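> predicted model and sequence below, questions to follow.
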Amino acid sequence: MKLTIVGTGYVGLVSGVCFSELGHEVVCIDKMEDKVAQLRSGKSPIYEPGLEELLQKNIQAGRLTFDTDLSTSAPSSDVIMIAVGTPQAEDGSADMKYVHTVAKEIGQALPSTGQYVVVNKSTVPVGTADQVKEIIHNMNEDVDVAVCSVPEFLREGSAVKDTMNPDRIVIGTSIPWAKARLVQLHEKLATGDKIVITNEKSAEMIKYAANSFLATKISFINEMANISEHVGANIDDVVRGIGSDRRISPHFLNAGLGYGGSCFPKDVKALANMAETHNYEPQMLYAADRINERQRFKPLDQLLKKFNGSIEGKQIAILGLAFKPNTDDMRYAPSIDIIHELVKAGSIVRAHDPIAQNAAKPFLPNNVTLVETMEETYAHADAVILITEWAEYKSIDPTDLLAQMRGNFVIDGRNAFDADAYKNAGIDYYGIGRNS
Ligand SMILES: NC(=O)C1=CN([C@@H]2O[C@H](COP(=O)(O)OP(=O)(O)OC[C@H]3O[C@@H](n4cnc5c(N)ncnc54)[C@H](O)[C@@H]3O)[C@@H](O)[C@H]2O)C=CC1
Ligand SMILES: O=C(O)[C@H]1O[C@H](OP(=O)(O)OP(=O)(O)OC[C@H]2O[C@@H](n3ccc(=O)[nH]c3=O)[C@H](O)[C@@H]2O)[C@H](O)[C@@H](O)[C@@H]1O
């Protein structure tokens, strides 16, 4: 099939690369000329395991091309996908300006002959498919177009793997010929029970419900960890105990500094905003969001406790800046807020991330020192905070770490270290909800 995919961010680029790998002919569109030039030369603008290899392979095979304008490829495409950003607006709602602009461009580009499928892959409020159709028809009332919702569930850091091995594909359309085309497009990825067919609005809701459920699961376990700290229970044991119940499952129950990234924070807020505009007060979403906003500041409380109320002049080593491992995405990363607070309190901050160092610079205060190796980060540190659980940090030997440090306080913000090994090495170890 011929595809036009608009937006070459995590979703658009990964989808474009994966669909071309599956044999489809894909044109990826982005307004940013330098990004398109970089992509044409086979260089990925984002760090995502396995992406660049497949990008280069499919460009060479002639199945994957890039353009700055959709008007050439869209009229001959079987499916046109919208994969532009829907960032958080000031009131918490999803800012739809990029989606609306693309809808107009599609309306201008499509001729009045033929049958077109336009797919919304961006995460959008319920009712957007109808809106996009209206915008397209306002530009060209004769075009025969089915606007469908096929939400994306990939995770950053494993985006290619997730796209190639989806748990399910949700196809939201009430139009039979569009459904047939979209089932055919996805047939190498999913068949049978793995394809969930719904109407447009349910598909749009599924995406927000999935992200809000996962975000709530994280806030729930963080709440349990915080309570465990107060009552002397250990969250690792609590998770073992509840996670073995298949209805709960042990997945996505890692207590820590809360969720960051470009999606959970904004999607929980956008769903809450959507509920409010329909006169419903979403209490659980408010709670998930509030717990998460607070969780990232836990290291600060611990430092103040350890250093008797003042961390001025203390050298603090930060391990990990990206919002999660295996990505260089810094959007809403807990590290940003933590570091700003540390600097405000007069600490000397040295930070390291194996991949996100350059991406992090614009988000951090100027007086933070970004160092090349993790060893340089914690040399002479009074305290160490693990914020992102990169694999290389997990292999740190606590005895070596202690020998390099000036102090002995380690805050494990992701419960990623072996608590006993750290304590046995003489480290004053703090994990989230990890009483021994
Ligand atoms: N990042 C992720 O892991 C996931 C994101 N999503 C959703 O997918 C959507 C896209 O997210 P990301 O890929 O992270 O976005 P992104 O912000 O990384 O990339 C969006 C791209 O669209 C381009 N763009 C904007 N307007 C354009 C136009 N008129 N024509 C051509 N290109 C245009 C921008 O230049 C940018 O390169 C969002 O709604 C997000 O919530 C869904 C699942 C996973
Ligand atoms: O809509 C989206 O953009 C995507 O959002 C998340 O994916 P992503 O944000 O890339 O990463 P996750 O692995 O879900 O992690 C999100 C945040 O939650 C945190 N987290 C995750 C799991 C956990 O148990 N505990 C926890 O604190 C991570 O550290 C990270 O900050 C969802 O997992 C994807 O299914 C979805 O497609």
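Right, received. Where do you want to start? Ligands and ions are numbered 1, 2, ... in the order given.

> burial count for Gly433?
Look at Gly433: counted by other CB atoms under 10 Å, it has 24 neighbours. Glycine gets a C-beta too; all of them are placed from N, C-alpha and C.

> try Asp30
Asp30 has 24 neighbours, counted by other CB under 10 Å.

> contacts only, for the residue of the chain at minimum distance from ligand 1.
Ligand 1 sits closest to Gly9 of the chain, with a gap of 2.0 Å, by CB to the nearest ligand atom. Gly9 is in contact with Ile46, Ala83, Val84, Gly85, counting by CB atoms under 8 Å, 6 or more residues apart in numbering.

> near ligand 1 too, which of the residues you listed?
Ala83, Val84, Gly85 (CB under 6 Å from any ligand atom).

> and the contacts of the helix or strand hosting Val26?
Element membership for Val26, per DSSP states H and E: strand 25-29. Contacts of strand 25-29 with the rest of the structure, by CB under 8 Å, 6+ apart, involve 1-8, 12-13, 16, 19-20, 39, 58, 63-70, 72-73, 77.

> of the residues you listed, which belong to strands?
The strands, defined by DSSP state E, take in Lys2, Leu3, Thr4, Ile5, Val6, Leu64, Thr65, Phe66, Asp67 from the contacts of strand 25-29.

> filter the contacts of strand 25-29 to the buried ones?
1, 3-8, 12-13, 16, 19-20, 39, 58, 63-67, 70, 73, 77 (16 or more other CB atoms under 10 Å).

> where does pLDDT dip in this structure?
For the chain, the stretches flagged by pLDDT under 70 are 436.

> tell me where it has strands.
Using DSSP E, strands in the chain cover 2-6, 25-29, 64-67, 79-82, 115-120, 144-149, 169-172, 195-198, 315-319, 348-352, 369-370, 383-386, 409-412, 428-431.

> wait, Asn211 sits on Phe264?
Yes: between Asn211 and Phe264 there is a contact at 5.8 Å, judged by CB atoms under 8 Å.

> pick out the residue of the stretch 251-400 of the chain closest to ligand 2.
Closest point on the stretch 251-400 of the chain to ligand 2, by CB to the nearest ligand atom, is Cys263, at 2.9 Å.

> what sits closest to that residue if chain neighbours are left out?
The shortest distance from Cys263 to any non-neighbouring residue, by CB to CB, 6 or more residues apart in numbering, is to Asn211 (6.0 Å).

> who's in contact with that neighbour?
By CB under 8 Å, 6+ apart, the contact set of Asn211 is Thr123, Cys263, Phe264, Asp267, Val268, Leu271.

> kindly report the same for Glu281.
Ala275.

> now it: how far from Asn199?
Relative to Asn199, Glu281 is positioned 26 Å away (criterion: CB to CB, to the nearest Å).

> just Thr191 next, same as before
For Thr191 relative to Asn199 (CB to CB), the value is 21 Å.

> now Glu105
In terms of CB to CB, Glu105 sits 26 Å off from Asn199.

> between these two, which one's more packed in?
Glu105 (22 against 15).

> list the contacts for the residue nearest to Glu200 when sequence neighbours are not counted?
Spatial nearest neighbour of Glu200, chain neighbours left out: Ala129 (3.8 Å); criterion: CB to CB, 6+ apart. Residues near Ala129 by CB under 8 Å, 6+ apart: Asn120, Val147, Cys148, Ser149, Gly172, Glu200, Lys201, Glu204.

> check contacts around the nearest residue to Asn326 once chain neighbours are set aside.
Of all residues not flanking Asn326 in the chain, Gly157 sits nearest, at 3.3 Å (CB to CB, 6+ apart). Taking CB under 8 Å, 6+ apart as the criterion, Gly157 is in contact with Glu48, Pro49, Lys324, Pro325, Asn326, Thr327.

> buried ones from those residues, can you make that a ChimeraX selection?
Restricted to buried positions by 16+ other CB under 10 Å, the ChimeraX selection for those reads:
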select :48,324,325,326,327
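
> show me the helices in the stretch 51-200 of the chain, by range?
Using DSSP state H, counting those that start in this stretch, the helices of the stretch 51-200 of the chain run over residues 51-60, 97-109, 128-139, 159-164, 176-185, 200-231.

> to ligand 2, which of those lies closest?
It's helix 200-231; of the helices of the stretch 51-200 of the chain, that one is closest to ligand 2 (CB to the nearest ligand atom) at 4.5 Å.

> can you tell if the closest one touches ligand 1?
No: taking CB under 6 Å from any ligand atom as the criterion, helix 200-231 and ligand 1 are apart, separated by no less than 7.3 Å.

> ok now that helix, how far from the chain's centre?
14 Å (CA atoms, centre = their mean, to the nearest Å).

> name the residues of it that come out as buried.
For helix 200-231, the neighbour count (16+ other CB under 10 Å) marks 200-201, 203-208, 210-212, 214-226, 228-229 as buried.

> now it against helix 128-139, angle please.
Counting by axes from the mean of the first three to the mean of the last three CA atoms, to 10 degrees, helix 200-231 points 140 degrees away from the direction of helix 128-139.
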